[in-house]
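> Take this sequence and fold it.
(chains A and B)
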There are 2 protein chains.
Amino acid sequence: MTGPGDARDGRDQTLRDPADAARRIDSLIASGDLRTASDMVEEMPPWLIVDVLERSGAKDRAVLFRLLSKGTALVVFEALDPPLQSELIRALHTDRVNQIFTDLDPDDRAGLIDELPARVATRLMRELDHDEQALTAAVLDYPVGSVGRRMSPEFISTHPDVTAGETLDRVRQRIDEAETIYGIPVTDDQRRLVGIVGLRAIMRAEPGTPVRDLMNDAITARARESAETAARRSAEERLIVMPVVDDEGRLVGILTFDDALRVLEDAETEDTARAGGAEPLRAPYLATPVRSLVRSRVVWLLVLALGAALTVQVLEVFEGTIEQVVALSLFVPLIIGTGGNTGNQAATTVTRALALGDVRPRDGLRVLAQEVRTGFTLGLVLGGVGALAAGLIYGTDLGLVIGLTLLILCTVAATVGGLMPLLAQAVRADPAVFSNPFITTFVDATGLIVYFLIARAVLGL
Amino acid sequence: MTGPGDARDGRDQTLRDPADAARRIDSLIASGDLRTASDMVEEMPPWLIVDVLERSGAKDRAVLFRLLSKGTALVVFEALDPPLQSELIRALHTDRVNQIFTDLDPDDRAGLIDELPARVATRLMRELDHDEQALTAAVLDYPVGSVGRRMSPEFISTHPDVTAGETLDRVRQRIDEAETIYGIPVTDDQRRLVGIVGLRAIMRAEPGTPVRDLMNDAITARARESAETAARRSAEERLIVMPVVDDEGRLVGILTFDDALRVLEDAETEDTARAGGAEPLRAPYLATPVRSLVRSRVVWLLVLALGAALTVQVLEVFEGTIEQVVALSLFVPLIIGTGGNTGNQAATTVTRALALGDVRPRDGLRVLAQEVRTGFTLGLVLGGVGALAAGLIYGTDLGLVIGLTLLILCTVAATVGGLMPLLAQAVRADPAVFSNPFITTFVDATGLIVYFLIARAVLGL
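All right, here's what the predicted structure looks like:
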């Protein structure tokens, strides 16, 4: 037994840093010294092996995985992303594959099956025994992206009339099978969910107390509901276990807090990628080839560039104005940048408030009221500063143009930025993804139009 | 007992929608009908009361809170953000305040004390009994933002030589005090942490088995470590309980998964706000007055505008070139926009990879290699499309200028964007916050310089 925190402490640096470990193992594999590589892997904790696999090329990954002992291989395999799992499955020998597939939990198995070619998936499913097949089929029955697909069908449940003592016995009997024992769903004679009881409440109660007197209302998910929505609710309510029910309210599975965290992690990866204007990567960054990186980004870049082409058109309309006062063109990046920033601030704030439940879709008017006033105030400050600075250097007229433009643009940008996430939600798009590109395109074009119209009026062009 | 999912089902819509409920209660309070308001609140689940409080003005909030029964008041109070808690504390009567303060958990108490004026905090602390004072003081001993400040000092621990049966007895005896019973830290005679054992393992084992044979290495946090780092590790490793140790490795508290989720939620609110170029709000959006919204945004806007002023200077240098070929100014927003998008894509991808541990700070060279090639490829595609489109409309020369500029700019932007998060990490700034504004400023200015230099060369100006 080693000291506290040791697993992450990095005392043996050479075996703790994934970059080092990956480099050493790669060179051992390259030189064909598989025995030393195997010894080295044997010493490594599973999380480090996962890290090393995630930063190796496809070929080394398969070689390295084959070096793992049976138990380690399963733990490591479960921690990999499905695309890497699928890649390994296709690179390994049949009996090894069958073994791993049989040992996986039903929900992990379902996730992997989505990635595999149908032929391989069917063959693997046939290898399972009847019970495991049924459990996996139950999960596969639900659509991809639903919580039914991510739940565990292996749970312990109890009944309102059963006592705390009997429930505790049931827990002890089935302690090895169930995904968790810390939260126990309560179902009636028709398997309909009627509540949930914590193991703590069971243990604290007199053994003769019926579960009816101990259970609470359950916060549940419907199996066809989006996995992300359900997982978010589970995390918000800090649930250890969230029961999953079918359309008739019958208990069909549980979403444990660790599965919920995994769902949220995947969703966050997707959201941040899209909010940054790229498609999410399907494998860890260093394991992703350049062509996949390009593919994940190029479509969005082209779409955004198409939006930006609008600004070229707008500017073309005002080309005559620019020819008359070239100095006007100097402020174009500043104006559209400030408009974009103001819009993004508002969008980010409201998106986050939506995510936290602080704002609901029906609060449009209150958001409008907040943002019009906030944008106008920001416009007064920025417009004032801008008018002063530009006025001092380029003369009063240009100062006035800059000031007025910023005042109007900040008001418009904050308002549009604040309402865009609500609009996104209304059309069932993800506010975090949808808002910023649209705001930028809209505010860029609007900002230029406002700017040049004001310039024409003030400068009398 | 009601049906499954009822708490969120919204069958009784009038009492389920926070906006509706808030409106009705506000008008009841305004008309002085506190009795009906009180009856209505009595019917509402705590999460709805929290929502309603978070969207009321300060005065209504205090009135409404006074209507709550003692038990509900505590649950609701615990769920509020510390700034709103502090506001309520100052609006309520002394004895009510003392009661709530005494009933809070030590870690929640510490969070509230940070918000209160020192005078009020000292008075409240004096009201506590000796044990509670000591527990709270232990938490307050650690710096704000550290995990020590967010941990719970109320835990059950066991010893390697103690048996499973004895541990289970200990759990039963202290089941009401401890924050959780599902993960039990194991300490030696000097209170040093030596491992952790799950309640499940304890329950599964023969009663005579010593804990030594059941426990695992613990993934721990040091009390002075940042709460966010520790909470992220806890969530990544899907821990129900993370033991917190002092510098000598002695167990001082535990971070439960729900506390970890709360820390991460706060951190995410802060990060998304800053990434969107605003300071995080201290209270829910609808409870935030306009002046606070302005204050949270105006400084960042001014700083970013100062950065954008750089583009004015760059353009001024090339004012002569623009005068000669005004058409060049048409493409300025498109060029800097595309550069910014390319940089942000790379920054977002690498930031996320860093957060997931897929990339480490020492991977700079591998990131460089990935991004130079990705950026160059993206530049070929976008530059090709741009050259073609601009060439067809504005002539071959301008097409060539646009194409070459996009090729170079995409390469530079992806490279800088990919390396910026690593740089941020190296100087201990938050990559998600630091990267995007810096990239935008840098890429805007660089893009313009590249653009006009190429234009001069190609067009022979």
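> Which stretches in the stretch 251-400 of chain A count as helices?
A:257-275, A:290-317, A:319-324, A:327-330, A:332-356, A:364-394, A:396-426 (DSSP state H, counting those that start in this stretch).
> Which of those helices sits closest to chain B?
Proximity to chain B (CB to the nearest CB) singles out helix A:332-356 among the helices of the stretch 251-400 of chain A, at 2.6 Å. All C-beta spots, glycine's among them, are computed from the backbone N, C-alpha and C.
> which of the helices of the stretch 251-400 of chain A sits most buried?
helix A:332-356 (a mean of 27; mean count of other CB atoms under 10 Å in any protein chain shown).
> Wondering if it reaches chain B at all.
Yes - interface with chain B: helix A:332-356 contributes A:332-334, A:336-338, A:341-342, A:344-345, A:347-353, A:356 (CB under 8 Å from any CB of the partner chain).
> can you list the helices of the stretch 251-400 of chain A in CSV and add distance to residue B:78 and mean pLDDT?
Compiled in CSV, the helices of the stretch 251-400 of chain A are given as follows (distance: least, CB to CB, whole Å; pLDDT from 0 to 100):
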stretch, distance to residue B:78, mean pLDDT
helix A:257-275, 20, 84
helix A:290-317, 42, 89
helix A:319-324, 60, 93
helix A:327-330, 55, 93
helix A:332-356, 17, 89
helix A:364-394, 26, 94
helix A:396-426, 29, 94
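> Residue B:244 is nearest to which of those helices?
Smallest distance to residue B:244 across the helices of the stretch 251-400 of chain A (CB to CB): 19.4 Å, for helix A:257-275.
> residues in the stretch 351-461 of chain A within reach of chain B, list them.
With CB under 8 Å from any CB as the criterion, the stretch 351-461 of chain A meets chain B at residues A:351-353, A:356-360, A:362-363, A:366-367, A:370, A:373-374, A:377-378, A:381-382, A:385-386, A:389, A:440, A:444, A:448.
> one more time with 6 Å
A:352-353, A:358-360, A:362, A:366, A:373-374, A:377-378, A:381, A:444 (CB under 6 Å from any CB of the partner chain).
> okay, among those residues, which ones form the most distant pair?
Most distant of those, by CB to CB, are A:362 and A:381, 31.2 Å apart.
> Assess the claim that residue A:312 and residue B:329 are in contact.
No - the pair residue A:312 / residue B:329 is not scored as a contact, 10.1 Å apart, by CB atoms under 6 Å.
> Tell me, how many residues neighbour the residue in the stretch 101-250 of chain A positioned nearest to chain B?
In the stretch 101-250 of chain A, no residue comes nearer to chain B than residue A:238, which is 3.6 Å away by CB to the nearest CB. Look at residue A:238: counted by other CB atoms under 10 Å in any protein chain shown, it has 14 neighbours.
> Ramachandran angles for it?
phi 50, psi 50 (degrees, to the nearest 10).
> Tell me the confidence at it?
For residue A:238, the model assigns a pLDDT of 89.
> now residue A:189
Model confidence at residue A:189 (pLDDT) stands at 94.
> Can you verify it is assigned to a helix?
No - according to DSSP: H, G, I helix; E, B strand; the rest coil, residue A:189 belongs to no helix; its state is coil.
> Which residue, other than its chain neighbours, is closest to it?
Nearest residue to residue A:189, sequence neighbours excluded (CB to CB, 6 or more residues apart in numbering or on different chains): residue A:159, at 7.7 Å.
> so how many other residues sit close to that neighbour?
17.
> Check the one 10 residues further on too.
Taking other CB under 10 Å as the criterion, the count of residues near residue A:169 is 13.
> what's the spacing between residue A:203 and residue A:176?
Applying CB to CB, to the nearest Å, the value for residue A:203 to residue A:176 is 19 Å.
> Who has more neighbours out of these two?
Neighbour count, other CB under 10 Å: between residue A:203 and residue A:176, residue A:203 has more, with 19 against 7.
> Okay, and that one sits in which element?
helix A:199-204 (DSSP states H and E).
> With just CA atoms, put that helix into PDB.
Provided in PDB are the C-alpha atoms of helix A:199-204 (Å, rounded to 0.1, in the frame of the first residue of the first chain):
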ATOM      1  CA  LEU A 199     -29.300   2.900   0.900                       C
ATOM      2  CA  ARG A 200     -28.600   5.200   3.800                       C
ATOM      3  CA  ALA A 201     -32.300   5.600   4.600                       C
ATOM      4  CA  ILE A 202     -32.700   1.800   4.400                       C
ATOM      5  CA  MET A 203     -29.800   1.300   6.800                       C
ATOM      6  CA  ARG A 204     -30.900   3.900   9.200                       C
END
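> which phi and psi does residue A:186 have?
According to degrees, to the nearest 10, residue A:186 has phi -110, psi 130.
> Skip the chain neighbours and tell me the closest residue to it.
Nearest to residue A:186 is residue A:195, by CB to CB, 6+ apart, at 4.3 Å.
> And residue A:294, how close does it get to residue B:380?
9 Å.
> any idea how far residue A:191 is from residue A:33?
From residue A:33 to residue A:191 the distance is 57 Å (CB to CB).
> Wait, a strand at residue A:143?
No - read with three-state DSSP, residue A:143 is coil and lies in no strand.
> What is the burial count for it?
12.
> Equivalent analysis for the one 4 residues further on, please.
When neighbours are defined as other CB under 10 Å, residue A:147 has 28 of them.
> Quickly find the element holding the residue nearest to it when sequence neighbours are not counted.
When the adjacent residues along the chain are set aside, residue A:147 lies closest to residue A:230, with 4.0 Å between them (CB to CB, 6+ apart). Here residue A:230 sits within helix A:227-236, counting by DSSP H and E.
> need the next SSE after that helix, C-terminal direction.
strand A:241-245.
> For that following strand, list the C-alpha coordinates in PDB.
Provided in PDB are the C-alpha atoms of strand A:241-245 (Å, rounded to 0.1, in the frame of the first residue of the first chain):
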ATOM      1  CA  VAL A 241     -29.100   7.300  -9.400                       C
ATOM      2  CA  MET A 242     -31.800   8.500 -11.800                       C
ATOM      3  CA  PRO A 243     -34.400   5.900 -12.600                       C
ATOM      4  CA  VAL A 244     -35.300   5.600 -16.300                       C
ATOM      5  CA  VAL A 245     -38.900   4.700 -17.200                       C
END
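> Listing partners with orientation, what would you give for that strand?
strand A:221-222 (parallel), strand A:251-256 (antiparallel) (DSSP bridges).
> Give me the contacts around that strand.
The contact list for strand A:241-245 (CB atoms under 6 Å, 6 or more residues apart in numbering or on different chains) reads A:147, A:151, A:180, A:183, A:185, A:193, A:218, A:220-221, A:223, A:234, A:251-256, B:4.
> next one: stretch A:212-225
Outside stretch A:212-225, the residues that touch it by CB under 6 Å, 6+ apart are A:142, A:146-148, A:160, A:186, A:195-197, A:201, A:205, A:230, A:237, A:242-246, A:252, B:4-5, B:7.
> residues from the stretch 151-300 of chain A in reach of chain B?
A:175, A:181-182, A:193-194, A:200, A:204, A:217, A:219-220, A:235, A:238, A:245, A:249, A:257-258, A:261, A:269, A:272, A:276-278, A:284-286, A:290, A:293-294, A:297-298.
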